[in-house]
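[1] how would this look folded up:
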Amino acid sequence: MKYDPRIHHRRSIRLPHYNYAKPGLYFITICAYQRQCLFGEVIDSQMNLNIYGKIVAEEWMRSSEIRQEIMLDAWVVMPNHFHGLAEIVCTNANIVGANGRSPRRDRVSQTTVSRQFLMKPKSLSSLVSGFKSAVTRRINSLRQTPRFPVWQRNYYEHIVRDEVDRDRLRDYIHHNPHTWNRDQLHPKCPSKW
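    I've put the predicted structure just below:
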């Protein structure tokens, strides 16, 4: 069913009034479109990336190379989702009003312009948007499916409060392939979503 603002009421899942460009550590989960197992498979508690999964891994690692304000921590590509810890660090770049990956002026559509003005520069949403966009572009180029979605709309985020929280999330990320058969995102498991 197509989105209709009169029927559907999209509410933000973000913490109200929180500055997501603020230096700190964030845990994110991004799901593949319709939770398709697009990125590989778990065999004997090991994640085996296919070509699309390798693209996800490459683009995540590139994120900190092209965004000076980002430091990556633990992360994992799963068959139909991605978990990662990313830290926004305070740099001189945080003062500049540019996003880490801005489109060329001659290729900007009105939709892109509108979205950019709503997205806070050097923020978590800017990181996720650029990452999802780069992955989608490369995967769709390979499978020759222009404009086909790779990711679900939005993403889950959690603001990491302290070292105990960080260590718990690192452990969760590290053990995610081991618990795949019981994961709520596994296609054969009943999901609370």
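
[2] would you map the strands across the chain?
    Counting by DSSP state E, the chain has these strands, from start to end: 24-31, 40-43, 46-49, 70-77, 81-88, 156-159.

[3] flag the shaky bits of the protein, pLDDT-wise.
    Counting by pLDDT under 70, the chain contains low-confidence ranges at 1-17, 91-121, 190-193.

[4] show me where it has its helices.
    51-66, 110-118, 124-143, 163-175 (DSSP state H).

[5] give me the contact list for stretch 29-40.
    By CB atoms under 8 Å, 6 or more residues apart in numbering, the surrounding residues in contact with stretch 29-40 are 47-50, 52-53, 56, 77-83, 128, 131-132, 139, 149-152, 155-157, 185, 187. C-beta here means a position set from N, CA and C on the backbone, and glycine is covered the same way.

[6] hmm, 6 Å instead?
    48-50, 52-53, 56, 77, 79-83, 149-152, 155-156 (CB atoms under 6 Å, 6 or more residues apart in numbering).

[7] with mean neighbour count added, can I get the strands of the chain in a markdown table?
    Supplementary listing: these in a markdown table, determined by neighbours: other CB atoms under 10 Å:
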| stretch | mean neighbour count |
| --- | --- |
| strand 24-31 | 19 |
| strand 40-43 | 16 |
| strand 46-49 | 15 |
| strand 70-77 | 18 |
| strand 81-88 | 22 |
| strand 156-159 | 15 |
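
[8] count the neighbours of Asn80 for me.
    By other CB atoms under 10 Å, the residues close to Asn80 number 20.
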